[in-house]
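In: No letters, just coordinates:
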C-alpha cells in the first residue's frame, strides 16, 4: 500500500516494510505533539474495525475501509 520514494521523487516498485511505516507514523505523531509510545500502525489499523463495530457499522462495510 505504501511505497518508498527516493530523493528524486521516483516511486519504488516494492512496498515499505511494516517497521518503516510504523517509524513514519511515530515521527508524525510526535510532530503533532502526541505521545508516540501510545500509538502504532497496527493499533490504528486494528482499532478502526473495533470502533466501527461498536458504532453499529456492519463488519463487511468496515472491512472495505480498512
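Out: Looks like it came in fine. Computed from a predicted structure; not experimentally measured.
In: where does stretch 30-42 sit relative to the chain's centre, distance-wise?
Out: 11 Å (C-alpha atoms, centre = their mean, to the nearest Å).
In: same question, stretch 57-66
Out: 16 Å.
In: List the neighbours of stretch 20-35 that are in contact with it.
Out: 2, 4, 16, 36, 39, 40, 41, 42, 44 (C-beta atoms under 8 Å, 6 or more residues apart in numbering). (Glycine included, C-beta is placed from N, CA and C.)
In: try 7 Å
Out: Outside stretch 20-35, the residues that touch it by C-beta atoms under 7 Å, 6 or more residues apart in numbering are 2, 36, 39, 40, 41.
In: can you list contacts of the longest strand anywhere in the chain?
Out: Ranked by number of residues, the top strand in the chain under DSSP state E is strand 11-15. With contacts defined as C-beta under 7 Å, 6+ apart, strand 11-15 is touched by 1, 2, 3, 4, 5, 6.
In: residues of stretch 52-66 that come out buried?
Out: 52, 62 (16 or more other C-beta atoms under 10 Å).
In: for it, what is the average pLDDT?
Out: On average, the pLDDT along stretch 52-66 is 85.
In: Could you measure from the spatially most central residue of the chain over to residue 16?
Out: Nearest to the mean C-alpha position of the chain, by C-alpha atoms, centre = their mean, lies residue 41 at 4.3 Å. Separation of residue 41 from residue 16 (C-beta to C-beta, to the nearest Å): 10 Å.
In: same question, residue 9
Out: Distance check for residue 9 against residue 16: by C-beta to C-beta, it reads 16 Å.
In: quick one: which of these two has more around it?
Out: Using other C-beta atoms under 10 Å, the more surrounded residue of residue 9 and residue 16 is residue 16, with 16 against 6.
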